[in-house]
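*Asks:* Need the 3D shape of this:
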Amino acid sequence: THFLLESEAKANELLALIEEAAAGDRSDFLTTILPFVKKQYETSESYKAVIDLIVAKAKELDFDVISGGERRDYFFSLMPAYLLGKPHLSIFKDGETYFSENVEEKAVKVGEGDLSGKVSLHIADLITEASSYTNAWIPSIRGTGASINDTIAVIDRLQGGEANLKAEGVNMYTFAKIELSLFDEGVEKGILTTAQRDMVAHFMENPIDYMKAFLTAHPDFIDEQIALGGKPKQRAEMAISRGYVPGRS
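*Replies:* Numbering: from 1, shown residues only. Okay, the predicted model is just below:
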């Protein structure tokens, strides 16, 4: 989804800027990245088209605040907040939350109950199982005292995210779905092999079964990911805790 920007180089440049700003003074986080995304909105037709879709859908919903989570959510949450004149809640991986009444001004760190009575609309890049929502975004939003009824994402990977969000009382709206027909077309055009298409089909039909089969065939993979630290380690440990790794618990 981040390649909806002007180019891959621009997408990676924005990711680097987000990481740098998140590591610095977070009260200046949004004001640091806003000029970049505004420029992309002005120069990238694909990015502008997606942002305009998000804004149009957001106008149909009832909310007070737009929220986004580190990192790629900010590609799609900041510009709608700017265009709609809405406050923005920035949620970071370490659990910190910063509230910007105006995205062109400094943000303030918020804690438990500080946004009591507010309703947040969370905007994201894509939804898979919605684990980022259930593990981080929703608890962080509710921790500030705000509630969340709706979320908008660019892409739905059709891997159970909508049902998991519904269980949390959150309605999901997306603009594209990753369906098997897309990969069938790839085979027809010679972009993919039949074996690659079948591998994708296995994953889409039963992600857990696919993951277990992969980890059985690659027994060193989990330990290698843990050794990398950071997000790879977190994902590996999550796979173990969920019982996806044969012989590990």
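*Asks:* could you pull out the strands for the chain?
*Replies:* Using DSSP state E, the strands assigned to the chain run over residues 65-69, 88-91, 97-100, 108-110, 119-127, 147-156, 171-177.
*Asks:* Let me have those in TSV, adding mean neighbour count, mean pLDDT and distance to A16 as columns.
*Replies:* All C-beta spots, glycine's among them, are computed from the backbone N, C-alpha and C. Listed next are these as TSV, based on neighbours: other Cβ atoms under 10 Å; pLDDT from 0 to 100; distance: least, Cβ to Cβ, whole Å:
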stretch	mean neighbour count	mean pLDDT	distance to A16
strand 65-69	26	98	17
strand 88-91	28	98	17
strand 97-100	22	98	20
strand 108-110	15	98	24
strand 119-127	25	97	17
strand 147-156	21	97	21
strand 171-177	16	94	26
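*Asks:* For the ones you listed, give me TSV that also has distance to Y133.
*Replies:* Compiled in TSV, these are given as follows (distance: least, Cβ to Cβ, whole Å):
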stretch	distance to Y133
strand 65-69	9
strand 88-91	11
strand 97-100	15
strand 108-110	19
strand 119-127	7
strand 147-156	7
strand 171-177	9
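*Asks:* List the residues that contact K118.
*Replies:* Shown in contact with K118 (Cβ atoms under 8 Å, 6 or more residues apart in numbering): 64-65, 144-147.
*Asks:* Could you do T134 as well?
*Replies:* Taking Cβ under 8 Å, 6+ apart, one finds 164, 168 in contact with T134.
*Asks:* Tell me the confidence at it?
*Replies:* Model confidence at T134, given as pLDDT, is 96.
*Asks:* again with the one 5 residues further on
*Replies:* In the prediction, the pLDDT value recorded for P139 is 97.
*Asks:* residues near it, how many?
*Replies:* 13 (other Cβ atoms under 10 Å).
*Asks:* And it, how close does it get to S90?
*Replies:* Distance of P139 to S90, given as Cβ to Cβ, to the nearest Å: 15 Å.
*Asks:* same check, this time on V154
*Replies:* 19 Å.
*Asks:* ok, now R235?
*Replies:* With distances taken as Cβ to Cβ, R235 is found 23 Å from S90.
*Asks:* who wins for proximity to E188 among the strands of the chain?
*Replies:* For the strands of the chain, proximity to E188 was assessed by Cβ to Cβ; strand 171-177 is nearest, at 19.1 Å.
*Asks:* Direction included, what does that closest one pair against?
*Replies:* strand 147-156 (parallel) (DSSP bridges).
*Asks:* distance between the strand it pairs with and the chain's centre?
*Replies:* Centroid displacement of strand 147-156 relative to its chain, using Cα atoms, centre = their mean, to the nearest Å, is 10 Å.
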